[in-house]
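Q: no FASTA, just this:
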């Protein structure tokens with residue numbers, strides 16, 4: 001597999017319209033900084049499923065991995081039927097950062113911050129990326145349900161606007177961080193990732209929640 005320097009990566013990103021910069025590092029590292037436009041899929045036990053369901057079919061991938069995990073990442077992508085790999089960023093994200101290239105990051109907030117913002121922000125939208133059944137069983141009042149699996153369709157995210165203040169959550173964390181990367185790839189950056197997800201929300205008593213009528217006992 002080809003190693004790609006930071007300068008080569010910059011040129012490849014600029015020249016290749018369908019390129020997906022696939023960042024497979026740990027969530028904590030991704031939050032702190034990543035190449036703008038990257039898709040985040042952590043190299044965990046659900047990696048193959050996530051890659052198969054979320055990567056555009058036939059897409060060309062450039063990998064950004066934890067150092068030493070380039071080969072295993074490529075092997076696991078092949079298990080998911082993804083063989084079109086341009087190479088990996090030599091030295092990982094740190095080499096991009098040291099080269100002085102622009103980076104993006106994720107603003108992460110706690111449930112208590114969401115509780116404080118809800119009453120005062122008319123543009124605030126909570127986006128719940130869990131599946132429909134989990135959402136029906138309980139969600140933040142007026143939250144918008146956009147399951148992660150549907151976000152590969154750009155039309156699904158077309159309802160979101162630049163002036164919306166988006167708060168993204170799943171059950172506990174990783175899936176909503178993937179969702180953040182997908183939303184950012186659509187050019188929307190006014191968003192926050194909710195640490196702890198739904199598990200944290202239900203512990204914050206100031207956040208009003210509700211169930212779907214068909215889920216009520």
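A: Sure thing, it's come through. Since the model is a prediction, treat every value here as computed from it, not as a measurement.

Q: From the centre of this protein outward, give me the first residue you hit.
A: Residue closest to the average C-alpha location in the chain (CA atoms, centre = their mean): residue 178, at 2.1 Å.

Q: Tell me if I'm right that that residue and residue 51 touch.
A: No - taking contacts as CB atoms under 8 Å, residue 178 lies outside contact range of residue 51: 10.6 Å. Quick note: C-beta positions are derived from backbone N, CA and C, even for glycine.

Q: Mutual contacts of the two, please.
A: The contact sets of residue 178 and residue 51 overlap at residue 41 (CB atoms under 8 Å, 6 or more residues apart in numbering).

Q: Pull the residues that contact the top helix by length along the chain.
A: For the chain, the longest helix by residue count, based on DSSP state H, is helix 174-185. With contact meaning CB under 8 Å, 6+ apart, helix 174-185 is reached by 23, 27, 30-31, 34, 36-42, 44, 50, 54, 104, 106, 127, 129-130, 146, 148, 151-152, 157, 160, 166, 168-170, 191, 193-194, 197.

Q: nearest spatial neighbour of residue 157, skipping sequence neighbours?
A: Distance criterion CB to CB, 6 or more residues apart in numbering; nearest residue to residue 157, sequence neighbours excluded, is residue 186 at 5.0 Å.

Q: What residue spans form the domains of the protein?
A: 3-98, 108-215 (automatic domain parsing).

Q: how about the nearest residue to residue 67, chain neighbours excluded?
A: In space, residue 67 is closest to residue 92, 5.1 Å off (CB to CB, 6+ apart).

Q: which residues does that neighbour contact?
A: Each residue near residue 92 by CB under 8 Å, 6+ apart is listed here: 25, 64, 65, 66, 67.

Q: will you turn those residues into TSV that also has distance to residue 15?
A: What follows is the contacts of residue 92, written out as TSV (distance: CB to CB, whole Å):
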residue	distance to residue 15
25	24
64	18
65	22
66	26
67	26
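
Q: Quick check, pLDDT for residue 173.
A: We have a pLDDT of 78 for residue 173.

Q: dump the residue contacts of the closest residue to it other than its chain neighbours.
A: Nearest non-adjacent residue to residue 173, counting by CB to CB, 6+ apart: residue 197, 5.4 Å away. The neighbours of residue 197, taking CB under 8 Å, 6+ apart as the test, are 169, 170, 171, 172, 173, 176.
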